[in-house]
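Visitor: I need the structure of the sequence given here:
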Amino acid sequence: MRFTETELKGVWLIEPTPVVDDRGSFTRTFCEKEMADCGLATRFVQHSRAHSVKKGTLRGLHFQDDPYAEVKLVSCVHGAIFDVVVDLRPNSPTRYNWLGFELTPQNMRQVYIPAGFAHGLQTLTDDAEVSYLISQFYTPHASTGVRYNDPVFSIAWPLMPTAMSERDKAWPLLKQRTAAGAL
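Guide: The predicted structure follows:
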């Protein structure tokens, strides 16, 4: 596995390195030792999958408030997605910066998202499925988000959204959250 830390400290792009022969291939997608050697979390208490029917579906930007902040390891197991992370850490020099990654089953890339980041995605194909390893249990009262089109972030989503939850459409803008004393 190849581990590359991005310009947003703590966010890693993980690229499995398949072994290929005449039978096909074998690929390791998780290794506790290699993750720990990079200083990454290795305990994931939840494994979730999300299926989106329509190309352009947008999910996020989600996170859980402390002390329930999550580490996520995200991959796309069917179709294609544009995966986005936004740095919300209070003392980070890259606070409010974002990165986007194209994830597909073919490129086998995974994004490691540390606590303190919001996460969202947009499907680039119909019938896309995303896999998540999550370090914390889902805690409804700590589950929150920020608006996908907040001008503070200026995320360049690849498509106009075709489907979103009402909850994701209604997340407050960052300016509203900070005025209320959150973030």
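Visitor: so for the strand or helix carrying Lys175, mean pLDDT?
Guide: Per DSSP states H and E, Lys175 falls inside helix 174-179. Averaged over helix 174-179, pLDDT sits at 79.
Visitor: which parts of it are buried?
Guide: Across helix 174-179, burial judged by 16 or more other CB atoms under 10 Å covers Leu174, Arg177. For the C-beta atoms, the positions are set from N, CA and C on the backbone; glycine is no exception.
Visitor: can you tell me the element the residue positioned nearest the centre of the chain falls in?
Guide: Central residue of the chain (CA atoms, centre = their mean): His119, 4.3 Å from the mean position. Here His119 sits within strand 117-123, counting by DSSP H and E.
Visitor: got the buried residues for stretch 24-43?
Guide: Of the residues in stretch 24-43, those buried (16+ other CB under 10 Å) are Met35, Leu40, Ala41.
Visitor: what sits up against the helix holding Lys175?
Guide: In this structure, residues lying in contact with helix 174-179 by CB atoms under 8 Å, 6 or more residues apart in numbering are Tyr96, Val146, Arg147, Asp150, Val152, Phe153, Leu183.
Visitor: and stretch 1-14, by the same measure?
Guide: Residues outside stretch 1-14 that contact it (CB under 8 Å, 6+ apart): 15-17, 28, 31, 34, 38, 40, 73, 85, 87, 92, 94, 97, 99, 101, 109-114, 116-117.
Visitor: in strands, which of the residues you listed fall?
Guide: Glu15, Leu73, Val85, Asp87, Leu99, Phe101, Gln110, Val111, Tyr112, Ile113, Phe117 (DSSP state E).
Visitor: restricted to buried residues, select these in PyMOL.
Guide: A single PyMOL command selects the buried members of those (16+ other CB under 10 Å):
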select buried, resi 73+85+87+99+101+110+111+112+113+117
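Visitor: and the ones in strands among the contacts of stretch 1-14, which two are furthest apart?
Guide: For the ones in strands among the contacts of stretch 1-14, with distances taken as CB to CB, the pair at the greatest spread is Glu15 and Asp87 (21.7 Å).
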